[in-house]
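Colleague: Please find the sequence and the predicted model below.
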Amino acid sequence: MTFLYAAYAATWAIHITYLITVVRRYSRLKREVDELNQRKK
Amino acid sequence: MKKAFPILGLLTAALLSYALYEALVVAPREQTMGDVQRIFYYHVPSAWTAFLLFAINFLASVQYLVRRNPQTDKIANWVVVALGVLTCIGAYAFQRWLPADVYPSSVVTTGVAIAGLYFLIHKYFSEQGTDILALTTAEVGVVFCTVVLVTGPLWARPVWGIWWTWDLRLTSTLVLWLIYVSYLVLRRFSTSGETPVLAAALAVFGALDVPLVYFSIWFFRTQHPQPVIGGGGSIDPRMLRVLLINWLAFLCFAFLVCWSRFRLERLQREVEETQALEALLEPGGSVR
């Protein structure tokens, strides 16, 4: 059972880590867009 | 479309939870391996999803290369039609050379699906769009392939007594992962204007490893088990049902992640273009 739970936990750890990197990239990009919009004003 | 995303996200989360419940509770206990066999419901759908994403990456990369010239684009369209027709005819004409349990109808379905996917991408994605699609599917494909490479040894250790062995299926999967990781490294760190073209060419050659990985257990004796669907394998219908539910759940999840990543990459490029344009238009800009 340890291996089973380890495999399922590892799967979700990999997916969640990837999702976190995507979200971080999105927030960085959002900041850049806001900066661009401010400069335009 | 913006409103559809959270709804689809909730539905996918519900489907993933249901699939997890089916895999851990409902699926019958395998007699030889016991509960550890339930890793199968994450390992196999992840592998299939990775293969599908790499196939889309291949088709998008081919299109990015051929659509740079209208003439080659037209030729490629006819080549895809011809390959589709030849697959349909060849599957029945050379039926006796097909491996055991591979029906001509499955070959025809695969051929038609690939050709159909090619024309779908052609219809709905611009030249730039195909490049972004290729990048997105490679990235998400690598994530799913990583899951396969991590869950595989976790299943192998209690069943085979070893974490890893250099047999054809395992080694070719590792090579596949390395190819697409190098593809992503190239895209991330190369500053050349020709990077998308180089990456597309690498993806076209990299995709050749996908059939090798898939069919390695059909044609060679390996430590890895034989296929459970086709290729002489068999599976309990209750297990097959759970496997398909999990695959559907992972497909929906992969679709949503690809969708968000696609939008993010498109926005990123728009921002970069605007920043470059601003830099040029500034009084001290390099172009006057």
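Modeller: Received the coordinates, thanks.

Colleague: quick one: secondary structure of B:Ile62?
Modeller: Residue B:62: Val, not Ile. With DSSP: H, G, I helix; E, B strand; the rest coil as the basis, B:Val62 sits in helix.

Colleague: From chain A, how far off is it?
Modeller: From B:Val62 across to chain A, the span is 26 Å (C-beta to the nearest C-beta, to the nearest Å). The way it works is simple: take the backbone N, C-alpha and C, and place the C-beta from them, glycine included.

Colleague: What is the neighbour count of that residue?
Modeller: B:Val62 has 21 neighbours, counted by other C-beta atoms under 10 Å in any protein chain shown.

Colleague: And for it, nearest residue in space, chain neighbours not counted?
Modeller: When the adjacent residues along the chain are set aside, B:Val62 lies closest to B:Val204, with 6.1 Å between them (C-beta to C-beta, 6 or more residues apart in numbering or on different chains).

Colleague: Can you pull the phi and psi angles for the one you found?
Modeller: Taking degrees, to the nearest 10, you get phi -60, psi -40 for the backbone angles of B:Val204.

Colleague: Compute the number of surrounding residues for it.
Modeller: B:Val204: 17 neighbours (other C-beta under 10 Å).

Colleague: Ok, B:Ile235 next?
Modeller: Look at B:Ile235: counted by other C-beta under 10 Å, it has 13 neighbours.

Colleague: Against B:Ile114, how distant is it?
Modeller: Counting by C-beta to C-beta, to the nearest Å, the gap from B:Ile235 to B:Ile114 is 25 Å.

Colleague: Show me the residue sitting in the middle of the chain in space.
Modeller: By default, I'm working from chain A. A:Ile20 (2.2 Å; C-alpha atoms, centre = their mean).

Colleague: look at chain B instead
Modeller: By C-alpha atoms, centre = their mean, the mean C-alpha position of chain B lies nearest to B:Leu53, the distance being 2.0 Å.

Colleague: after the helix or strand hosting that one comes which helix or strand?
Modeller: Here B:Leu53, judged by DSSP states H and E, is contained in helix B:40-66. Toward the C-terminus, helix B:40-66 is succeeded by helix B:70-93 as the next helix or strand (DSSP H and E).

Colleague: quick one: contacts for B:Phe144?
Modeller: The contact partners of B:Phe144, taken as C-beta atoms under 8 Å, 6 or more residues apart in numbering or on different chains, are B:Ser46, B:Ala47, B:Thr49, B:Ala50, B:Leu53, B:Phe250, B:Ala254.

Colleague: typed the wrong thing, it's A:Arg31
Modeller: No contacts exist for A:Arg31 under C-beta under 8 Å, 6+ apart.

Colleague: Within range of chain B, give me the residues from chain A.
Modeller: Contact residues, chain A versus chain B (C-beta under 8 Å from any C-beta of the partner chain): A:1, A:3-4, A:6-8, A:10-11, A:14-15, A:18-19, A:22, A:25-26, A:29, A:32-33, A:36, A:39.

Colleague: tell me the pLDDT at residue 22?
Modeller: In the absence of a named chain, chain A is used. pLDDT, A:Val22: 94.

Colleague: actually chain B
Modeller: B:Glu22 carries a pLDDT score of 93 in this model.

Colleague: ok, now how distant is the residue nearest to it when sequence neighbours are not counted from chain A?
Modeller: Excluding the flanking residues, the one nearest B:Glu22 by C-beta to C-beta, 6+ apart is B:Val242, at 4.6 Å. Using C-beta to the nearest C-beta, we find B:Val242 at a distance of 14 Å from chain A.

Colleague: give the contact list for B:Val242.
Modeller: B:Val242 makes contact with B:Ala19, B:Glu22, B:Ala23, B:Val26, B:Ala27, B:Tyr41, according to C-beta under 8 Å, 6+ apart.

Colleague: Can you select the buried ones from those in PyMOL?
Modeller: Buried subset of the contacts of B:Val242, written as a PyMOL selection, criterion 16 or more other C-beta atoms under 10 Å in any protein chain shown:
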select buried, chain B and resi 19+22+23+27+41
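
Colleague: Same list (the contacts of B:Val242) but as JSON lines, adding secondary structure and distance to B:Trp78.
Modeller: Shown next, in JSON lines, are these (DSSP: H, G, I helix; E, B strand; the rest coil; distance: C-beta to C-beta, whole Å):
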{"residue": "B:Ala19", "secondary structure": "helix", "distance to B:Trp78": "41"}
{"residue": "B:Glu22", "secondary structure": "helix", "distance to B:Trp78": "45"}
{"residue": "B:Ala23", "secondary structure": "helix", "distance to B:Trp78": "45"}
{"residue": "B:Val26", "secondary structure": "helix", "distance to B:Trp78": "48"}
{"residue": "B:Ala27", "secondary structure": "coil", "distance to B:Trp78": "46"}
{"residue": "B:Tyr41", "secondary structure": "helix", "distance to B:Trp78": "42"}
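
Colleague: Cheers, nothing more for now.
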